[in-house]
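[1] starting from these lines, generate the structure:
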Amino acid sequence: MRRYWQERRPPGMFRGAELPRLLSGLVMLALIYQLIAWARNSDTWQWWVKEGSTAAQVAKQAGPPAPEQTPKLPPATGPTDEDPDQAETAREEFQAVTDGSLTLGPEEMEPYDRLVFWVKNQSVARLRQRARSDLLFTNFYDEANKYRGQLVTLEMNVRRILGAGKNRDGTQLYEVWGFTTESRDRLYVAIVVDLPKGMPIGPAVYEKARFTGYFFKLQGYHASGARAGAVPDRSPLLIGRLEWQPAAVAAPPLDNTQEWTWGVSLLAVIAAILVLRWGYSKWLRPRPAARSMIPDAASGEAIPIEAWLERSSFGTAGDEQRLESPEDVFHGNGKHG
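    Numbers count the residues shown, from 1 in each chain. Model (predicted):
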């Protein structure tokens, strides 16, 4: 089989050590490309920079910080929770709110619309200055009644934005789902007034945004893939405004898939090269031809045919013993003894 492939090998095919060298070159190119991709990631070189060194130098050059000044609170355009009558009415309406339900009941629409009304009467800057940022997911989840109506701000990783219809006064609302660094895989759902211009809308988005608004209730929902009859999960439902941060787009969640892909691909390339090299040495690599042997009449041992021919060329007619011809040897007619 090896001789068959060698005889029929095209003239342009690699010979000798050319193919192994080519394969080795390809492996080196793959390794160099991997190193370039690894070095291009800025996180690779974070250890080289002393943390805080630049900030410390800037602070030293700038001198002592100036005393903080509380920014002036922008005015509201209508009643808000700061109005005692509005706050008291809201507390009474909150008693009809049911946590964990899959839909809003008719009795919940009054406090729902009131919170939307409060948000519309305030700019996002005003809401942010008044909001608190120290509440955690567990605060809403475990003590919903205590924090209902609280004005809070959250740094959200937004993953879903859909239209939520219009309020009774015609205000377009949007339903935003996302999580915070603290809540991890536990979701918040926000009803947003006046979505930022140009912000993507759809069932799968990857954006960062700051949400500021009022906590309303725990909204029940079924997670994707939940079985029929499963107990609904619950997410804090808030009503407010969203500040989009397009300069800090959140990348899709990573699970080291890219690193695994690179590693597996590199191993596959190495394995393929080893297989090719084995096949080359097994079937295509030229082998030295086997030396033909012939029985020697004098010694009775097999000797290379080249040696036999060399001895026969020096034989003469007057020798006491005639050297046997190859025909005599092969037909058993030679003289022995």
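[2] got the domain ranges for the chain?
    Following automatic domain parsing, the chain resolves into domains at 2-41+274-284, 84-248, 293-331.
[3] list the buried residues in stretch 123-134.
    For stretch 123-134, burial by neighbour count (16 or more other C-beta atoms under 10 Å) applies to 124, 126, 127, 128, 129, 130, 131. All C-beta spots, glycine's among them, are computed from the backbone N, C-alpha and C.
[4] the last one and residue 166, how far apart?
    Separation of residue 131 from residue 166 (C-beta to C-beta, to the nearest Å) stands at 25 Å.
[5] ditto for residue 139
    Counting by C-beta to C-beta, the gap from residue 139 to residue 166 is 31 Å.
[6] more neighbours: which of these two?
    residue 139 (16 against 10; other C-beta atoms under 10 Å).
[7] so the more buried one sits against residue 147, correct?
    Yes. Between residue 139 and residue 147 there is a contact under C-beta atoms under 8 Å: 5.8 Å.
[8] ok so, going back, with mean pLDDT and distance to residue 265 added, can I get the domains of the chain in a markdown table?
    Below are the domains of the chain laid out as a markdown table (pLDDT from 0 to 100; distance: least, C-beta to C-beta, whole Å):
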| stretch | mean pLDDT | distance to residue 265 |
| --- | --- | --- |
| domain 2-41+274-284 | 67 | 8 |
| domain 84-248 | 94 | 25 |
| domain 293-331 | 59 | 51 |
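[9] which among those domains is found nearest to residue 78?
    domain 84-248 (3.6 Å; C-beta to C-beta).
[10] returning to what we had before: and the two most separated of the buried residues of stretch 123-134?
    124 and 130 (11.1 Å).
[11] the helices in the stretch 51-200 of the chain, which residues?
    Taking DSSP state H, counting those that start in this stretch, the helices of the stretch 51-200 of the chain run over residues 53-62, 84-94, 109-120, 124-130, 137-142, 144-147.
[12] in a markdown table: the ones you listed, plus distance to residue 210.
    Formatted as a markdown table, the helices of the stretch 51-200 of the chain follow (distance: least, C-beta to C-beta, whole Å):
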| stretch | distance to residue 210 |
| --- | --- |
| helix 53-62 | 23 |
| helix 84-94 | 24 |
| helix 109-120 | 14 |
| helix 124-130 | 8 |
| helix 137-142 | 16 |
| helix 144-147 | 19 |
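[13] the ones you listed: which one's closest to residue 264?
    helix 137-142 (36.7 Å).
[14] in that closest one, what counts as buried?
    137, 139, 140, 141.
[15] which residues touch it?
    Residues from elsewhere that reach helix 137-142, judged by C-beta atoms under 8 Å, 6 or more residues apart in numbering: 146, 147, 180, 182, 183, 186, 188, 215, 218, 234, 236.
[16] thinking again about what came up before, and among the helices of the stretch 51-200 of the chain, the most buried is which?
    Of all the helices of the stretch 51-200 of the chain, helix 109-120 has the most neighbours on average by mean count of other C-beta atoms under 10 Å, namely a mean of 20.
[17] just checking, what packs against it?
    Applying 3 or more C-beta pairs under 8 Å, 6 or more residues apart in numbering; DSSP states H and E, we find helix 109-120 packed against helix 84-94, strand 188-193, strand 207-221, strand 233-244.
[18] with distance to residue 307 as extra columns, can I get the ones you listed in JSON lines?
    Formatted as JSON lines, the helices and strands packed on helix 109-120 follow (distance: least, C-beta to C-beta, whole Å):
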{"stretch": "helix 84-94", "distance to residue 307": "112"}
{"stretch": "strand 188-193", "distance to residue 307": "93"}
{"stretch": "strand 207-221", "distance to residue 307": "86"}
{"stretch": "strand 233-244", "distance to residue 307": "91"}
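[19] quick one, which of these is nearest to residue 33?
    Here strand 207-221 is closest among the helices and strands packed on helix 109-120 (C-beta to C-beta), at 31.3 Å.
[20] dump that closest one to CSV, restricted to CA.
    These are the backbone C-alpha positions of strand 207-221, laid out as CSV (Å, rounded to 0.1, in the frame of the first residue of the first chain):
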residue,chain,number,x,y,z
GLU,A,207,-27.7,47.5,28.5
LYS,A,208,-26.8,49.2,31.7
ALA,A,209,-29.1,51.8,33.2
ARG,A,210,-29.9,53.6,36.5
PHE,A,211,-33.4,53.2,37.6
THR,A,212,-35.1,55.6,40.1
GLY,A,213,-38.6,55.1,41.3
TYR,A,214,-41.1,53.9,43.9
PHE,A,215,-41.4,50.3,45.1
PHE,A,216,-45.0,49.1,44.5
LYS,A,217,-45.3,45.3,45.2
LEU,A,218,-43.9,41.9,44.7
GLN,A,219,-44.9,40.8,41.2
GLY,A,220,-45.5,37.0,40.6
TYR,A,221,-44.1,35.4,37.4
